[in-house]
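Student: dropping the sequence and predicted coords here.
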Amino acid sequence: MPETGTPFSIEAHGLTKTYGDVRALDGLDVSVPSGTVFGLLGPNGAGKSTAVKILTTLARPTSGTALVQGIDVLRHPGRVRRKIGVVAQKSGSDPMATGRENLVLQGRLYGVADPRARAGELLARFDLADAADRLVKGYSGGMQRRLDVALGLMHRPELLFLDEPTTGLDPEARAAMWLEISHLAGEEGMTVLLTTHYLEEADRLADRIAIVDRGRVVAEGSPDALKGELRGDVVQVELPEPADPLAESVLAGLPGVRDVLVAGRTISARSDDGAGAVPSILGALGEAGTAVAAVTVARPSLDDVYLRHTGRRYSQTAEQEGASR
């Protein structure tokens, strides 16, 4: 439990961070219940990694407060560091040392009583025993990422930060990482803060998520609860060409159709009876001279939750972020 007896492992209020004219965080608020997997979900550039840097004492906020395990990150950074494990986006292992050597060194830095025994335990747990005495530079991406997590767990932290832990991994390695993350909270009672830009990853792993957009939390709750707020079905219409701006007003006037959004060649809308609304939607678009390539009806997803709170599709935001770099 956190030192103050609070049920939250992380409590951050009004965090801001500016780099010159860039406002990376804009009043971010987040509370992470102890013993849960908490996901910070957002596209690249949303502010997730900046938030993690502040919470792990690697950066100072421009303003705002943050407690980690009940400890103020600005007043007592050393105490915070003894409570947490951190797996950054980029590997922190020494490629010219073996996996075992990396772990033993980490253990000695943290004052682990028997670092070699703890290293052996983690090598076996992460299926790295056969590669324990090989140089890390020869590890595959999945092996190196597993070693990174093992390094973060070496001193048995109470709270583990995983910053984009599966970026660049193949599907098999990603699935193995998902399983291990689930075990950490489910079987060991550890609190895990996970940042990710993968919708599926947040939906599958996190007990609760906070959707981050432009440095602010725009929605927070369990994935099921957030999706449940969007009653009815989502109707998505794909067009062969970019939609006429009038298409939005045409569909918005249909009975039982709401939350219409036009983005490029995609039109999204919600209805209590999605299948029943399709004929009227197609008819209205046909009368307006808009051709349709495909139409789908589905239950709300985290993408729809993101759309509701930001006015943009998640994939659209990711493309815009990529184009701006």
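Tutor: That came through, no problem.
Student: from here on, just use CA atoms for contacts and neighbour counts.
Tutor: OK.
Student: just for this structure, where's the confidence low?
Tutor: 1-5, 315-325 (pLDDT under 70).
Student: host element of Ile209?
Tutor: strand 208-213 (DSSP states H and E).
Student: strands paired with that strand, and their directions?
Tutor: Partner strands and pairing direction for strand 208-213 (DSSP bridges) are strand 37-41 (parallel), strand 216-221 (antiparallel).
Student: might you report the residue contacts of the residue sitting nearest the centre point of the chain?
Tutor: Central residue of the chain (Cα atoms, centre = their mean): Thr196, 2.7 Å from the mean position. Thr196 makes contacts with Gly39, Leu40, Leu41, Gly42, Pro43, Asp163, Glu164, Pro165, Ala202, as judged by Cα atoms under 8 Å, 6 or more residues apart in numbering.
Student: let's see 6 Å
Tutor: Leu41, Glu164 (Cα atoms under 6 Å, 6 or more residues apart in numbering).
Student: how about the nearest residue to Thr98 once chain neighbours are set aside, phi and psi?
Tutor: Closest residue in space to Thr98, ignoring its immediate chain neighbours: Leu135 at 4.1 Å, by Cα to Cα, 6 or more residues apart in numbering. Leu135 has phi and psi values of phi -60, psi 140 when expressed as degrees, to the nearest 10.
Student: list the contacts of Leu135.
Tutor: Contacts of Leu135 by Cα under 6 Å, 6+ apart are Met96, Ala97, Thr98.
Student: same check on Ala175?
Tutor: No contacts exist for Ala175 under Cα under 6 Å, 6+ apart.
Student: for the most far-flung residue of the chain relative to its centre, give its distance to Gly264.
Tutor: Note on the chain: the largest C-alpha distance from the chain mean falls to Glu287, namely 42.1 Å (Cα atoms, centre = their mean). From Glu287 across to Gly264, the span is 20 Å (Cα to Cα, to the nearest Å).
Student: which secondary structure state is assigned to Ile281?
Tutor: Applying DSSP: H, G, I helix; E, B strand; the rest coil to Ile281 yields a three-state assignment of helix.
Student: number of nearby residues for it?
Tutor: Neighbourhood size, Ile281 [other Cα atoms under 10 Å]: 21.
Student: how about Leu151, nearest residue that isn't a chain neighbour?
Tutor: Distance criterion Cα to Cα, 6+ apart; nearest residue to Leu151, sequence neighbours excluded, is Leu103 at 5.8 Å.
Student: using CSV, write down the CA coordinates of the helix or strand that neighbour falls within.
Tutor: Following DSSP H and E, one finds Leu103 within helix 99-109. In CSV, the C-alpha atoms belonging to helix 99-109 read as follows (Å, rounded to 0.1, in the frame of the first residue of the first chain):
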residue,chain,number,x,y,z
GLY,A,99,21.5,-10.8,-19.9
ARG,A,100,22.6,-12.2,-16.5
GLU,A,101,25.2,-9.5,-16.1
ASN,A,102,22.7,-6.8,-16.8
LEU,A,103,20.3,-8.1,-14.2
VAL,A,104,23.0,-8.7,-11.5
LEU,A,105,24.3,-5.1,-12.0
GLN,A,106,20.7,-3.8,-11.6
GLY,A,107,20.3,-5.8,-8.5
ARG,A,108,23.5,-4.4,-7.0
LEU,A,109,22.6,-0.8,-7.8
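Student: so which bits of the helix or strand that comes right after that helix are buried?
Tutor: For helix 99-109, the succeeding helix or strand toward the C-terminus, using DSSP H and E, is helix 115-125. Counting neighbours by 16 or more other Cα atoms under 10 Å, one finds that the buried residues in helix 115-125 are Pro115, Arg116, Arg118, Ala119, Gly120, Leu122, Leu123.
Student: contacting residues around helix 115-125?
Tutor: Leu103, Val104, Gly107, Ala129.
Student: distance of the second one from Met143?
Tutor: The reference is to Val104. Val104 is 17 Å from Met143, by Cα to Cα.
Student: what about the helices in the stretch 201-325 of the chain?
Tutor: 223-228, 246-252, 274-287, 302-310, 314-324 (DSSP state H, counting those that start in this stretch).
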